[in-house]
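# generate a structure from the sequence data that follows.
(one chain, ligands or ions: 1)
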Amino acid sequence: MSHSSGAATTRLAVVPGSFDPITNGHVDIIERSLRLFDRVVVAVLRNEAKAPLYSAAERVQIIREVFGPRPGLEVDTFDGLLVEYAAARDAAVIVKGLRSVGDYEYESQMALMNRRLQPGIETMFLMPAEPYAYTSSRLIKEVCRLGGDIHGLVPPLVEARLQRTFAMQRDPLNAPRSV
Ligand code: PNS
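Numbers count the residues shown, from 1 in each chain. Now for the predicted structure:
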């Protein structure tokens, strides 16, 4: 397929989520999106009311560290309606990862509601690689907090950071200071 590279034909996809913290499942979906779209914006929900483990600024910084400088990739935050953010960014597509039928139930509701709110924006579902089909930030945090092995489920710097964060929670005086 050939198309000119002017701004009007640039295809921008928004990959939204809480990313508290980013997992290898998220990385997989973002990498797949980067292969499909000219520009990808990872949009971090500023959901401070949900008492996230990491602040929005920390989640953004972690994602930037994981990817390093990558042409076409941007990391941003949003709050309010996702479709309003996507429309303001002139996005053609919202990309979501779909792991299982469990995800489908909720994701299909959100996709149809988002289409009603903003008919010009499509939701596209991508399947993560199989090893990540059963993982989530919530489960990974729980396993790590309880001392279980999360190696391979998150990028190495996220694994180290989670271990420091939970060590600090368990024993604030003896844990490494820098998280
Ligand atoms: O990583 P998560 O927590 O599963 O991501 C969920 C997210 C951020 C995609 C979803 O909660 C969202 O879109 N929130 C923004 C508020 C909104 O638009 N709500 C209406 C959805 S139909």
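# just the terminal-to-terminal distance for stretch 80-95.
Terminal residues of stretch 80-95 lie 18 Å apart, using Cα to Cα, to the nearest Å.
# okay, buried residues for that stretch please.
For stretch 80-95, a neighbour-count test (16 or more other Cβ atoms under 10 Å) marks 82-83, 85-86, 89, 91-95 as buried. All C-beta spots, glycine's among them, are computed from the backbone N, C-alpha and C.
# a markdown table for the residues you listed, including pLDDT, distance to Gln109 and secondary structure?
Listed next are the buried residues of stretch 80-95 as a markdown table, based on pLDDT from 0 to 100; distance: Cβ to Cβ, whole Å; DSSP: H, G, I helix; E, B strand; the rest coil:
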| residue | pLDDT | distance to Gln109 | secondary structure |
| --- | --- | --- | --- |
| Leu82 | 98 | 13 | helix |
| Val83 | 98 | 14 | helix |
| Tyr85 | 98 | 19 | helix |
| Ala86 | 98 | 17 | helix |
| Arg89 | 98 | 23 | coil |
| Ala91 | 97 | 20 | coil |
| Ala92 | 94 | 22 | coil |
| Val93 | 98 | 18 | strand |
| Ile94 | 98 | 14 | strand |
| Val95 | 98 | 17 | strand |
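# from those, which are also near the ligand?
Filtering the buried residues of stretch 80-95 for proximity to the ligand (criterion: Cβ under 6 Å from any ligand atom) leaves Leu82.
# wait, which of the buried residues of stretch 80-95 is closest to the ligand?
The nearest member of these to the ligand, counting by Cβ to the nearest ligand atom, is Leu82 at 3.5 Å.
# might one say that the closest one is in contact with Gly17?
No - in this structure Leu82 lies outside contact range of Gly17 using Cβ atoms under 8 Å: 9.9 Å.
# now do the shared contacts for the two.
Ala43 (Cβ atoms under 8 Å, 6 or more residues apart in numbering).
# quick check: bridge partners of Val75?
Val42 (DSSP bridges).
# can you pull the contacts of it?
41-42, 44, 60, 63-64, 67.
# how about the helices in the chain?
Secondary structure of the chain by DSSP state H: the helices cover 24-36, 56-67, 82-88, 101-117, 137-145, 156-170.
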